[in-house]
Structures are given as structure tokens and as C-alpha cells.
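[1] Starting from these lines, generate the structure:
(2 chains)
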Number of protein chains: 2
Amino acid sequence: MSQPRFLILADGDFGPMTSKTANSVIRYRPQQVVGVLDRQLAGRTSQDVLGFGGAIPVVSSMTEGLALGPTAVLIGIAPSGGRLPEAWRAWLAEALDAGCELWSGLHTFLGDDPMLAARAKAMGVAIHDVRRPPADLQVAGGLAKDVDAYVVLTVGTDCNVGKMTAQLQLVDKLNAGGVRTRFVATGQTGIFIEGWGIAVDAVVADFIAGAAERITVQGATDADIVLVEGQGSINHPGYSGVTLGLLHGSCPDAMILCHQATREYIGDYRQAAWLRIPPLSEYVRLYERIGSAVHPTRVVGIALNTYDLDDVAARRACDAAQVETGLPCTDPVRFDPAPLIDALLQDRQRYLARRRAG
Amino acid sequence: MSQPRFLILADGDFGPMTSKTANSVIRYRPQQVVGVLDRQLAGRTSQDVLGFGGAIPVVSSMTEGLALGPTAVLIGIAPSGGRLPEAWRAWLAEALDAGCELWSGLHTFLGDDPMLAARAKAMGVAIHDVRRPPADLQVAGGLAKDVDAYVVLTVGTDCNVGKMTAQLQLVDKLNAGGVRTRFVATGQTGIFIEGWGIAVDAVVADFIAGAAERITVQGATDADIVLVEGQGSINHPGYSGVTLGLLHGSCPDAMILCHQATREYIGDYRQAAWLRIPPLSEYVRLYERIGSAVHPTRVVGIALNTYDLDDVAARRACDAAQVETGLPCTDPVRFDPAPLIDALLQDRQRYLARRRAG
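    Predicted coordinates for the structure are as follows:
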């Protein structure tokens, strides 16, 4: 299957801090992005707006965007208010009529819109609502613990700290080093980047672990290492159920703990300053204990997100995390991810030795 | 609202070990059950078949059942294979035509069956698919931690160990003692018994804690104690996500740990003898630690399910659990639930004192 060439819809919200989904697709799959539609920033490039993405142009209309030759339109931001604006709906219809697929991670499924569904059908093109769960999910059966591949899950101190990004920073280097490595996407942005996966927070609660198990097993079929994208946090009052189901369903042999260095409170509850983020070493103990209740696992390294620090402060934060936890720590975006790669490869040697012995 | 009078559909499967939902409704709401439909056992009584439920008759047809004057038909077993048998469908149509509501906890929603939906509409009667989640659920906002009521959650070593039953054994005694106590149902059987609630395992994963929060807050509006029905287990490979979402969403001030005394392995994985149930004291530590990561909570007692032991062995099992954990333990069905009630009331005094102290 040839890879889609995306026109990214980010109207009114393209920017370094606002269009997280669009930005990740541009960062990790720039060769698949033909342009970005944002009327406010038309005429600039991705490089101008984000500081990366090179000459990818920002355009002011769907007609202009379609002229760039996309095979798919990707929804790169969440519309404010959650409802699909009428302007977007008209653009999406225009794209379908031109033979483009739609890729969306919105909670409201585009395929359930009768007008869009009819046009997609008429043109014979697909609408990929990547948050729509497969219809045949099952309760987890413990299958992920039996895969031959070494399974690594990123776990976090909160949402939105870099759990997907950490894995994406490692996967290419591991492959380049000769270890067949697969990234397993569990959220919409990861699915856009990788082209497959299940948004585990969108499945019926009974099937969180079953969904995680299915994609872990699928990722392990032709890989030596499987990097499973983590979600949420074990102490997040809203999303901890997703986090634990993903942990127990994917049966990781190792975990990488992800944290944003300057964050003090669980983000979604910050206005109330409700839940202070405990020390990293507490997270290490908690994740190891609760994870190992189903399948033996340990945290082998710390991925620190230092985007809002200067270089000196960032290095200092990594050193402090390393001292506190006794584990290798780096910011795999800003600095060399080698400490995490070395930690994984060493732990995988122990894993392989145990399997040979056992 | 007057309480429904149920005819329970349990065709082919009414029995002490097979019809768990039917049996719980008969045990806790016998005055609301007019009869049971099971062609194999027609002519007997609930007392004959289950050993409780008195003269509630078993009938052989819907016509005979409707003659008993039900206002609702309740699906009391899961049909084998998961699909609604045609015979049941015809019976349900007959019941709707007679003006009866339908109450179902099946995964397949009766209200989505066009024929049944049309008949219900024509008669102006409701189809209650109690596993269908409310459409307007939200991510948990931490509201349950702020209720005035003292919130108690049952937690378990596995599924199907007595988490609902333990709460139902306590609620009437607490009310009789003058403490306004509400049972909050989180599964289909509890919802049938109580008449309201949300099946938290049927909601979209993002909203587990939000659903738990909503019903906890609702239960707390006119109660001094809220008893929230627990689900699954923190180390259950399939359902732990539901368990943790429920724990963090309901923000219990106290927990009762439930265990079936003779169970050695997590039930659903027993054939593979995969996961041995660790000691109760490990569960106590794990639930307290993971629960308190969001809201301070402790286990105040143990509810032991001893249904398959003789009296001497049952008493011995309770004593052993009490010694191991240092917590009061009883089988609240078989023995006096007083030790658990005393533990709750004492802990609630401490809770009230802490709140007064601010």
C-alpha cells in the first residue's frame, strides 16, 4: 500500500503550541505532507510557523490545497466547540469529490455524516475515523505476554508529556542499529504517523486491555522490539483507567518513564492545583509494582521533556532525574537519545538470557 | 415513580449457579418479582430452585407470565452465544404489546432491534438497556472527592467475588441504624436492583472515572454514606482499567476488600493457571497506594465469600484473613455483617472529625 500524501486541515490554529496533531505528523512524516490549510497563515511555510517542516506551504483554500496533489485530507486540529464547522464540511466534501481520502481523529466520526459518507461512497474513497474502535474487540487473554519480541511501553507522570514522541525518537535509531523495531500507536496522532493502531481511550472500557493486546501482538509479528505508545498516567484522575488497561494489556517487559521537567501539577486539574506530581522515584515504584502484578516489568530509563528550559537548565534537570531515580535520563528530542537506547538494548540482553534459561 | 414488578426471563438456565443476575434480583428485591420464565422448570417455585425467593412461580410461557401482572420483563441470564434467540424476541414482543417495559443488561441493545423499538413506541413503554451509557458523559473532574457523604467502595481480588453483594448486605442495616445510606450501582445487576446507575464497564474508556464520579455525586445528594459497587480487580489482566477508573472516579474515603476464600487464581485465566491471587495484605497495600494517589483512602475491612465452605471452615477462613491483614473480616452473607458495619462507622467518625478540623 502506498503511503498517503496529506493535506493537513488546521484552519485558524496552525502554530507551535496549538496544532499538536498536525505538528507531530509534520515532524515525523514531512515527506508525506504536501501542505497545510490555514487561512490566517497562508503564504508562509511550515518552517516559518513551526521552526521545522521546511518548505511545506500553508494555503488559504481547499482548491489551492488540492492543487498540491494530496491523496488524503487529515484533520490536524480539534475544532473549537467540538463540532465540525460548516466551512470544514464544505472543504471535506470538495476533497472527497476530488478523490481524496479523509483521516480524522475527532470524537464525532466523519463517516457518520450522511453527506460526507455519500460522497465518499460515490467516489470509492475511504473515510478513516481513527478513533472508531474495531467492532470485534475482545477482553484481553494475556496474549501479549507470550510474544517473542521485547515490549517497551512509555508511561508518564501526566498526559501530554512526550510518551509518543519518546518512542518516535527511538524507533529509527534502533532500526538503523539493526534491531527490527516497531512503533505501536495507541492514539490518533500516532495512528496518523504510523498508518495503523487503535485509539485505546476510545474503546469500550471492558476492552482497553484487549485492544492493547491486539496491537502489541500485531506489532510483534515481524519485530525484535515493540515500542508501545503510552497514554495518560497511573495517577491521572480522569484517564488512569486507560493507562492501567494499556499497561496490563500490552504486558511490557520494560517501561520508559516520561515527564515534563517543569510541570508541578497534573495538568488538567492545574487551575485547582489539585494533584501535585509526586517524585519520579515514586512513579517508578508504582508502575513497576502495578505492572508486575500481571507481567514482570521494570522502568529502565527516564525521558524528560525540557522544551521550555534553556540548555543548561535542561541538562541539569536530566542529571537531577538521573540522580533521584538511579536510572539513565535524557531529553530524547533535544539531546542524544543514546542513553535510553543503551538502557533498552542492555535490558533486552537480560530479557533474552532469561528466555533462553526459562 | 412506582417500582416495576418484574417477570424474569431465564429460559433454560434458571438455577443456583447459572442465573446470577436473576438470582440477585430475587434475593434483594423478592417483592418486585412476580415470576420467572423457564420452560424447563415450570411449575416449581424460586424456593425450590434457588433455596430462596419463596413462592415466586416458574412459568412456561410469556402468556402465563403476563397473567401474573408484571409491569416489566427483565432479562435475567445471558443467552448462550450472545445473540437474542428468536423465541425470546417473540416473547419480548408479546410483553411489549401487553404494555410491559423491558429491562436488559445485554451487550446487544434491545432498543436497537427495529421490531422491538417500534412496538415499544406504539405502546408508549420504555426499553431500559442498562448497559447503554449516557450520551453526555465527561472526563472526571475530581467532583467526587468533595461530597459531604462518606464514600465506600468495594474492591476485589478478582471478578465475581461478592463486591455487589457485600454492599447490599450492609445498606439496609446501616439505614436501619439511622445512617442515611445509598447503594450506587455500577453494573447491570446492581442497576436492576436499585433502579438506576451506570454500567461503568460499558462506557468509552475516557469516561470510566467520569461515569463513576457522576453516580457517586448523585448518590451523595441525600445520603450520609454512599456504598459504591466495585468492579473487577486491580490485577485483573482484562478489567483492571475499569477497576482503577472506578477507584479514581469515585474517590472513596474507605474501601472494603472482597475475596472468595477458596479461589487461588484470577478466574478468567484459570485454565492456564496464569495468575495466582497474591495474599490479601498485598491487595490492601496496592489498593491503598494507588487509590491514595488521587484521594486519601484505606481498606477498613475484609468481606469474605465462603459459599463453598462448611461453617467451621468458613469461620476459620475469616479468622485467618483477619490475622493476616489486621482488619475485621466476615462473610456478610453467611455471618453477621456487624464487624464491617462497626469498622465503617468508626472510620466515618474519624472522617467527620478530620473534616471538622478542616
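
[2] Can you tell me which residues in chain A are near chain B?
    By Cβ under 8 Å from any Cβ of the partner chain, the part of chain A that sits against chain B consists of A:139-142, A:200-206, A:208-210, A:234-246, A:248-249, A:268-269, A:272, A:274-275, A:278, A:286, A:289-290, A:293-294. Using the backbone N, CA and C atoms, a C-beta is placed for each residue, glycine as well.

[3] again, only using 7 Å
    Contact residues, chain A versus chain B (Cβ under 7 Å from any Cβ of the partner chain): A:139-140, A:142, A:200-206, A:208-210, A:235, A:237-242, A:244-245, A:248, A:269, A:274-275, A:286, A:289-290, A:293-294.

[4] Mind checking which of those residues are buried?
    Among these, those scoring as buried are A:139-140, A:142, A:200-206, A:208-210, A:235, A:237-242, A:244-245, A:248, A:269, A:274-275, A:286, A:290, A:293-294 (criterion: 16 or more other Cβ atoms under 10 Å in any protein chain shown).

[5] Would you map out the domains in chain A?
    Following automatic domain parsing, one gets these domains for chain A: A:6-129, A:143-357.

[6] out of the residues of chain A next to chain B, which are inside helices?
    With helices taken from DSSP state H, the overlap with the residues of chain A next to chain B comprises A:208-210, A:240-242, A:244-245, A:248, A:286, A:289-290.

[7] which stretches of chain A have low pLDDT?
    Chain A contains residues with pLDDT under 70 at A:1, A:270-271.

[8] Show residues contacting stretch A:107-119.
    Residues from elsewhere that reach stretch A:107-119 (Cβ atoms under 7 Å, 6 or more residues apart in numbering or on different chains): A:82, A:84, A:92-93, A:96-97, A:102, A:104, A:127, A:129, A:131-132.

[9] how about the residues you listed, which pair is most distant?
    A:G82 and A:D97 (25.7 Å; Cβ to Cβ).

[10] So these two - more neighbours on which side?
    A:D97 (15 against 9; other Cβ atoms under 10 Å in any protein chain shown).

[11] Please name the nearest non-neighbouring residue to the more buried one.
    For A:D97, ignoring the flanking residues on the chain, the nearest one in space by Cβ to Cβ, 6 or more residues apart in numbering or on different chains is A:R119 at 6.2 Å.

[12] which stretch of helix or strand covers that neighbour?
    When secondary structure is defined using DSSP states H and E, the element that contains A:R119 is helix A:114-123.

[13] Can you name the next helix or strand after that helix?
    Using DSSP H and E, the helix or strand that directly follows helix A:114-123 along the chain is strand A:127-129.

[14] Please name every helix or strand in contact with that next one.
    In terms of contacts (3 or more Cβ pairs under 7 Å, 6 or more residues apart in numbering or on different chains; DSSP states H and E), strand A:127-129 is packed against strand A:101-104.

[15] Please, which helix or strand holds A:D11?
    With DSSP H and E as the test, A:D11 turns up in no helix or strand.

[16] Neighbours of it, how many?
    22.

[17] Got phi/psi on it?
    Reported as degrees, to the nearest 10, the phi and psi values for A:D11 are phi -60, psi 120.

[18] Check the stretch 251-358 of chain A for the residue nearest chain B and tell me.
    Per Cβ to the nearest Cβ, the residue of the stretch 251-358 of chain A with the smallest distance to chain B is A:A293, at 3.8 Å.

[19] what sits against the residue nearest to that residue when sequence neighbours are not counted?
    Distance criterion Cβ to Cβ, 6+ apart; nearest residue to A:A293, sequence neighbours excluded, is B:N235 at 3.8 Å. Residues in contact with B:N235 (Cβ under 7 Å, 6+ apart) are A:293-294, B:275.

[20] B:N235 and A:V36: what is the separation?
    Using Cβ to Cβ, to the nearest Å, we find B:N235 at a distance of 46 Å from A:V36.

[21] repeat for A:R350
    Relative to A:V36, and taking Cβ to Cβ, A:R350 is found at 45 Å.

[22] same question, A:G187
    With Cβ to Cβ as the criterion, A:G187 and A:V36 are 21 Å apart.

[23] same thing with A:G99?
    For A:G99, the distance to A:V36 equals 20 Å [Cβ to Cβ].

[24] For the two, work out which one has more neighbours and name it.
    It is A:V36, of A:G99 and A:V36, that has more neighbours when counted by other Cβ under 10 Å, with 33 against 12.

[25] Helices of chain A, residue ranges please.
    In chain order, chain A shows helices spanning A:20-28, A:46-50, A:62-66, A:86-97, A:114-123, A:163-176, A:188-194, A:208-219, A:240-250, A:280-292, A:311-325, A:338-357, with DSSP H as the criterion.
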